[in-house]
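1. Generate coordinates for the sequence data below:
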Amino acid sequence: MAKCIMIQGTMSGAGKSLLAAGLCRIFKQDGYKTAPFKSQNMSLNSFITSSGHEMGRAQVVQAEAAGIVPDVRMNPILLKPTTDIGSQVIVNGKPQGNMRAMEYYRRKREYIPAILEAYNSLSEEYDIIVIEGAGSPAEINLKQEDIVNMGFARLVDAPVLLVGDIDRGGVFAQLYGTIALLELEERERVKGVVINKFRGDKKILDPGLEILKGLCGVPVAGVVPYTYADIDDEDSLTDRFRQNNVRKLVDIAVIQLPRISNFTDFSPFERYENVSLRYVERPADLYQPDMVILPGTKSTVSDLCWLRQNGLEAAVQKQAAKGTLVLGICGGFQMLGKTISDPDGVESSSMAKISGMGLLDVETIFQGEKVQRQVNGSFHSVEGRLSVLNGLPYEGYEIHMGRNQEKDLPPLLGKGNIYGSYIHGLFDVSSVCDAVLKSICEKKGVDFNALGTFDLRKYKDQQYEMLADAVRYGLDMDYVYRVLNREV
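-> Okay, the predicted model is just below:
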């Protein structure tokens, strides 16, 4: 059975996911066959495996860092929020329906057998498993039914490193306060604390580290520097939504829907030096982009109502009428159509039928089983501005409840300057990303080569190496291996 180490955090956003990814890459570099694991993840940023199973994107990133193919066993429980008090529950990659928070809280221990089956089967195939917790282990109102932090650590007898985020301030209180709220048996599982996202001269920090070690009763296993590695984010805590909104040679505006999902679909555009990718919540911030993207969403109807109420729908329609390239992915594609119907209340309790934006001749109805599959092929039947895509290969994955009147939709539907697709990950294929940008450049009369290009796979690998370098530099890896080998 595999050795394991668990990364828990003092809060959401402390850096657990990236630290776990860094360790996955380090263990790979050191010759170990390594897999990530997170028993329960809550995120709208998901992925479909080659077997058609849905899992959280964070474990996909960690698997990539480890140099292995993502496997749904790495994330057996995925919660996709549909409202402020409810989520779609996905077990072993398949949806089990929507549950209100209290219902899931009462029932979640029922999923322990599925979680352990997934973990134990991975443990038979790998040398090391890097386990990620969720939120904080010190949420005293949730500890009784915990299956993702100390509750899971107990089930698999995992040693724990506790991570605090110094970039937010109060890191000593974060770490000491978390440990103080743990039960004695839980404290004994914590083998070290880690200060993450440090910037500055570590010598200034050293006196506090000695005091922290005494207060917490465990060593400081490392001070990990703030890393600028460009790694896909997991959820709405991403800094991408708050990045500088400077408009560059080619300007792309993504509508930041309240329940935006799979925003990493558009990350490849960020790699071009002279392309700006801006997330927009207000009509005043839209300006005059070269392309408007309506992304995926877990709540298509309610997000369309939001779009309509705050004036962004009218602003997008105005851009479309002016000839601006408009693209909808998944839920965004459905919004561009004529109508959206939910007669069975699949997505919303209102069982609504509302008008779409009327920019594409499609009607959507939420019925039947969820579509979950990887897809690939070549573009065909694309008319208008993006006809340059015809013949190019594509690959990606579909995750949607909605159906349309056409049984076999092409990979990209539309003509003129309005398009929609159900395929996530389209732009991960560099030739597709390049072709779209070339179309924009041709209309603007600018040289595509001025944007700068890159090899996405090579770039990703470089970023994982950069992340691993930062983590290895910051952590006491000799001590980490002693924790892994149960020598402390």
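
2. what's the neighbour count on the nearest residue to Met55 once chain neighbours are set aside?
-> Once flanking residues are discounted, Met55 sits nearest to Asn75: 4.2 Å by C-beta to C-beta, 6 or more residues apart in numbering. All C-beta spots, glycine's among them, are computed from the backbone N, C-alpha and C. For Asn75, the neighbour count with other C-beta atoms under 10 Å is 33.

3. Next: Leu44.
-> 26.

4. Helix, strand or coil: sort out it for me.
-> coil (DSSP: H, G, I helix; E, B strand; the rest coil).

5. So it sits against Pro258, correct?
-> No: taking contacts as C-beta atoms under 8 Å, Leu44 lies outside contact range of Pro258: 10.5 Å.

6. Show me the common contact partners of these two, please.
-> Residues touching both Leu44 and Pro258 (C-beta atoms under 8 Å, 6 or more residues apart in numbering) are Thr297.

7. circling back: looking at it, the residue nearest to Met55 is touching Gly56, isn't it?
-> Yes: using C-beta under 8 Å, Asn75 is in contact with Gly56, at 4.6 Å.

8. Would you mind listing the residues touching both of these two?
-> With C-beta under 8 Å, 6+ apart, Asn75 and Gly56 have common neighbours Lys38, Asn41.

9. roughly how far out does the longest helix anywhere in the chain sit from the chain middle?
-> When the chain is parsed with DSSP state H, its longest helix is helix 456-474. For helix 456-474, the gap between its own C-alpha mean and the chain's C-alpha mean amounts to 18 Å (C-alpha atoms, centre = their mean, to the nearest Å).

10. Using the three-state scheme, assign Phe427.
-> helix.

11. Relative to Tyr481, how far out is it?
-> Using C-beta to C-beta, to the nearest Å, one obtains 39 Å as the distance from Phe427 to Tyr481.

12. so what's the residue nearest to Gly97 when sequence neighbours are not counted up against?
-> Counting by C-beta to C-beta, 6+ apart, Val89 is the residue found nearest to Gly97 once chain neighbours are left out, at 6.6 Å. By C-beta under 8 Å, 6+ apart, the contact set of Val89 is Ile77, Leu78, Leu79, Pro95, Gln96, Gly97, Asn98, Met99, Tyr104.

13. Can you say which helix or strand has Val89 in it?
-> Using DSSP states H and E, Val89 maps to strand 86-91.

14. do Ile293 as well
-> strand 291-294.

15. Count the neighbours of Ala450 for me.
-> Neighbour number of Ala450 under other C-beta under 10 Å is 12.

16. which SS state does it fall under?
-> Ala450 ends up helix, using three-state DSSP.

17. And it, how far from Cys441?
-> 8 Å.

18. what's Val375 in contact with, if anything?
-> Tyr394, Glu395, Gly396, Tyr397, Glu398, Pro411, Ile423.

19. Would you confirm that the first one contacts Phe427?
-> No: between Tyr394 and Phe427 no contact is recorded; they are 9.7 Å apart, counting by C-beta under 8 Å.

20. what residues does the helix or strand where Leu79 lies touch?
-> Per DSSP H and E: Leu79 is located in strand 77-83. Identification of contacts with strand 77-83 by C-beta under 8 Å, 6+ apart yields 39-44, 46, 54-56, 87-91, 93, 98, 104, 108, 111, 114-115, 147, 259, 261, 298-299, 347-348.

21. In PyMOL, select just the buried ones from the residues you listed.
-> Those of the contacts of strand 77-83 that count as buried under 16 or more other C-beta atoms under 10 Å are selected in PyMOL with:
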select buried, resi 39+40+41+42+43+44+46+54+55+56+87+88+89+90+91+93+98+104+108+111+115+147+259+261+298+299+347+348
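
22. any low-confidence regions in the stretch 201-350 of the chain?
-> Along the stretch 201-350 of the chain, the parts satisfying pLDDT under 70 run over 234-244, 348-350.

23. what about the strands in it?
-> Ranges of strands within the stretch 201-350 of the chain are 220-225, 250-255, 260-261, 275-280, 291-294, 296-297, 325-329, 339-341, based on DSSP state E, counting those that start in this stretch.

24. Neighbouring strands of the fifth one in the sheet, and parallel or not?
-> Going back to what we said before, that points to strand 291-294. strand 250-255 (parallel), strand 325-329 (parallel) (DSSP bridges).

25. any idea how far that strand is from the chain center?
-> On C-alpha atoms, centre = their mean, the centre of strand 291-294 falls 20 Å from the chain's centre.

26. if we can go back for a sec, residues touching the longest helix of the chain, excluding its own?
-> 18-19, 21-23, 25-26, 29, 64-65, 194, 198, 222-225, 227-231, 268, 271, 428, 430, 433.

27. List the buried residues for that helix?
-> Leu456, Lys460, Gln463, Tyr464, Met466, Leu467, Ala468, Asp469, Ala470, Val471, Arg472, Gly474.

28. Same list (these) but as CSV, adding distance to Asn310 and pLDDT.
-> Shown next, in CSV, are those (distance: C-beta to C-beta, whole Å; pLDDT from 0 to 100):
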residue, distance to Asn310, pLDDT
Leu456, 34, 75
Lys460, 35, 88
Gln463, 35, 93
Tyr464, 38, 96
Met466, 38, 95
Leu467, 37, 96
Ala468, 42, 97
Asp469, 43, 97
Ala470, 39, 96
Val471, 41, 97
Arg472, 46, 97
Gly474, 42, 96
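
29. Could you dump those residues into JSON lines with distance to Arg278 added?
-> Output for those, formatted as JSON lines (distance: C-beta to C-beta, whole Å):
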{"residue": "Leu456", "distance to Arg278": "21"}
{"residue": "Lys460", "distance to Arg278": "23"}
{"residue": "Gln463", "distance to Arg278": "22"}
{"residue": "Tyr464", "distance to Arg278": "26"}
{"residue": "Met466", "distance to Arg278": "25"}
{"residue": "Leu467", "distance to Arg278": "25"}
{"residue": "Ala468", "distance to Arg278": "31"}
{"residue": "Asp469", "distance to Arg278": "30"}
{"residue": "Ala470", "distance to Arg278": "28"}
{"residue": "Val471", "distance to Arg278": "30"}
{"residue": "Arg472", "distance to Arg278": "34"}
{"residue": "Gly474", "distance to Arg278": "32"}
